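Q: give me the fold of what follows.
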Amino acid sequence: MPWASKLLSFLIFFGTVGLQAQQAADPDNPPTKPEAPGVQKPEKSEQIEKPKTDEPMDIEDWERTARHRGNRDPVIFGSDFLLRPNETIRELVVIGGNADIQGHIRGELVVIGGKAKISGRVDREAVVVLGGAEISDSARLGGETVLIGGPFDISDNAYFAHDKKLFALGNLIPEIEWIKSWFVHGLMYGRLLTFGTYQPWIVALFWLLLYLIVLVVFPSAIKSTVRALEGKPVASICSGLLAMVLSAPLTVLLVITIVGILVVPFVKLAMLLAIIFGKAALICFLGRNLSRSAGGAGIDNLLFSFLVGAVLLTLAYTIPVFGLLAYSVAGVFGLGGALVALGGTFKREEGPASTLVAVPLGPNVQPAVSPAPSAVTLAPADSSTPPVMASISNPATIGPSETILLPRAGFWKRFLALLLDLVLIGMLIPLVKAWAIFFGIAYFVTMWTWKGTTIGSIVVGLKVVRTDGTPVSFPVALVRSLSSVFSAVVLFLGFLWAGWDREKQAWHDKIAGTVVVRMPRGFALI
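A: Below you'll find the model as predicted:
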């Protein structure tokens, strides 16, 4: 598939670059190149990739490296470069290092993540990105000069054939100097963590703490995801890949429809939460399997499995090439496991057909409603038996007090109903303009008070009722509408809560004392 081929090409590229850089750092094992017939191979001392001293690389050092093939221009990774007076090169690109230009560059000069010190001549463009620049009196720049970063020390007597374009970032560059080191010694080797830079370890520790908090707060959700990873690994991988591939086209389609822009934050936040939950479960999954294979204790302890898996995955990120591959596979596998577990949870929530309701009764409690062909029929049950099913033979006869006995609506149906309502509100935004938020609140409050439902819920077949079976009043509708803002601002976690809660209540349902039920076929909501 295109995504997999791009990922493979990406890994091969960084693996090749990392291998070349690793070979370059080892003077005893320099990279080789094919020799022309009749040409004697130079001595080993002339094939040094980088000087053994801390002095910057000069043109003679570079010419002795394996990167010098024909008329190719110098491209320096992670090293400083010195161009002495009376030396001339065609072009120069320095990534992750500094450039001291005292001689003549006939073409462009590009410095990324380092400082450019120019006292010589650059005939064409001079570009510095995320670095500093020091341009002396004798500098002569014949092309455009673009400097992004800082600090900049530019002499007034320096010659510029074109106007300078400066984008000063203040003192930001010294603060993110570690990013250059991480890029050169980490990402270019195909790994995420290096032992020479501590800042990426702090970032990794932050994410591990976040995963640990998720594990402690939502242990049942993590257990469900771990079971999905163990029981359905192929489905998890396929689901993760499919979600990654379809996320971008789905976002584009939503933006094209204009009104779908309101849904984009929901989709992105849902994807982020799925990745977080999936990654936490994947760490536990790795720890469980490692402990099981080693025959150690604590296999069923979720916290112990998390600690073992966290150490294993973190160490994997330090391995060249494999570290980036492990990160990619872990993200896709964890996301897929979360989606599979979420789908299984929502499927169980829907339960049997819409004409059946689970009603638990005590051992000595008799049915509150007498059996009748047109009413709700209940059967007593003791605490050792599963909930009893209530049969509705005639949906048209359901009274207000019996509505609470109907099946609870799952997350996906509630999400679809909310999506339809948001599309409707979005179509009216050009008319209400600045009053859009107040219009949305008034819409939901009015519909819930009037009919206990909204237009989107009518299409899906849902209704909002009080937990005591009474209709929703105006104060309850207002409280539910305002508290839904709280459910949204916390990364929409309050809405997602309906997927895990036993009573299928979101946060605003718990605050207002309401539930969302699925109305049976044949029942008129209007």
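Q: show me where pLDDT drops low in the stretch 251-400 of the chain?
A: 257-260, 294-300, 345-400 (pLDDT under 70).
Q: can you give me the strands in it?
A: Secondary structure of the stretch 251-400 of the chain (DSSP state E, counting those that start in this stretch): strands at 356-359, 376-377, 388-392.
Q: assign Glu134 to helix, strand or coil.
A: strand (DSSP: H, G, I helix; E, B strand; the rest coil).
Q: hang on, it packs against Ile118?
A: Yes - counting by CB atoms under 8 Å, Glu134 does reach Ile118; the two are 7.2 Å apart. Placement of C-beta: from N, CA and C, glycine included.
Q: where does the nearest residue to Val516 once chain neighbours are set aside fall, phi/psi-wise?
A: Spatially, and ignoring its direct neighbours in sequence, Val516 is nearest to Ala409 (4.3 Å; CB to CB, 6 or more residues apart in numbering). With angles defined as degrees, to the nearest 10, Ala409 sits at phi -80, psi 140.
Q: check contacts around Ala409.
A: Contact analysis of Ala409 by CB atoms under 8 Å, 6 or more residues apart in numbering lists 462, 504, 516-518.
Q: can I get those in CSV including secondary structure, distance to Ser79 and neighbour count?
A: What follows is those, written out as CSV (DSSP: H, G, I helix; E, B strand; the rest coil; distance: CB to CB, whole Å; neighbours: other CB atoms under 10 Å):
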residue, secondary structure, distance to Ser79, neighbour count
Leu462, strand, 64, 23
Lys504, coil, 61, 21
Val516, strand, 63, 24
Val517, strand, 68, 22
Arg518, strand, 66, 21
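Q: what residues does stretch 209-225 touch?
A: By CB under 8 Å, 6+ apart, stretch 209-225 touches 276-281, 283-284, 302-303, 306, 310, 334, 337-338, 340-341, 344-345, 500.
Q: wait, I meant stretch 306-322
A: By CB under 8 Å, 6+ apart, stretch 306-322 touches 11, 14-15, 18-19, 22, 189-195, 204, 208, 211-212, 215, 280, 282-288, 290-291, 323, 326-327, 330.
Q: just the buried ones out of those residues, please.
A: 11, 14-15, 18, 189-194, 204, 208, 211-212, 215, 280, 282-288, 290-291, 323, 326-327, 330 (16 or more other CB atoms under 10 Å).
Q: distance of Leu491 relative to Phe277?
A: Applying CB to CB, to the nearest Å, the value for Leu491 to Phe277 is 12 Å.
Q: actually Ala228, sorry about that
A: Ala228 is 11 Å from Phe277, by CB to CB.
Q: hey, what's in contact with both of the two?
A: Ala338.
Q: tell me the span between the first and last residue of stretch 142-158.
A: 11 Å (CA to CA, to the nearest Å).
Q: make 750 the starting number, not 1.
A: Will do, 750 is the new start, and the previous item becomes stretch 891-907.
Q: more neighbours: Leu1240 and Phe1026, which one.
A: Ranked by neighbour count (other CB atoms under 10 Å), Leu1240 and Phe1026 place Phe1026 first, with 26 against 15.
Q: quick one: that one and Ala1087 touch, right?
A: Yes - counting by CB under 8 Å, Ala1087 is a contact partner of Phe1026 at 4.7 Å.
Q: list the contacts for Glu1252?
A: Per CB under 8 Å, 6+ apart, neighbours of Glu1252: 1157, 1264.
Q: state whether it is indeed within a helix.
A: No - Glu1252 is assigned coil when assessed by three-state DSSP, not a helix.
Q: for it, what are phi and psi?
A: Main-chain dihedrals, Glu1252, degrees, to the nearest 10: phi -90, psi 10.
Q: tell me the pLDDT of it.
A: For Glu1252, the pLDDT comes out at 85.
Q: gap between it and Leu990?
A: From Glu1252 to Leu990 the distance is 34 Å (CB to CB).
Q: ok, Ile1153 next?
A: From Ile1153 to Leu990 the distance is 42 Å (CB to CB).
Q: next: Val1078.
A: 10 Å.
Q: contacting residues for Phe1164?
A: Contacts of Phe1164 by CB under 8 Å, 6+ apart are 1015, 1244.
Q: mind showing which ranges of the protein have poor pLDDT?
A: Looking along the chain with the criterion set at pLDDT under 70, you get 750-823, 919-926, 1006-1009, 1043-1049, 1094-1151, 1181-1183, 1271-1275.
Q: show me how it divides into domains.
A: 751-782+794-933, 940-1099, 1102-1146, 1148-1267 (automatic domain parsing).
Q: all helices for the stretch 750-899 of the chain, in order.
A: 751-773, 808-812 (DSSP state H, counting those that start in this stretch).
Q: hang on, the earlier thing: out of Val1078 and Leu990, which sits in the busier spot?
A: Using other CB under 10 Å, the more surrounded residue of Val1078 and Leu990 is Leu990, with 18 against 15.
Q: my guess is that one is in a helix, correct?
A: Yes - judged by three-state DSSP, Leu990 forms part of a helix.
Q: circling back to that earlier point, of Glu883 and Ile867, which one has the most company?
A: Comparing Glu883 with Ile867 by other CB under 10 Å, the one with more neighbours is Ile867, at 28 against 17.
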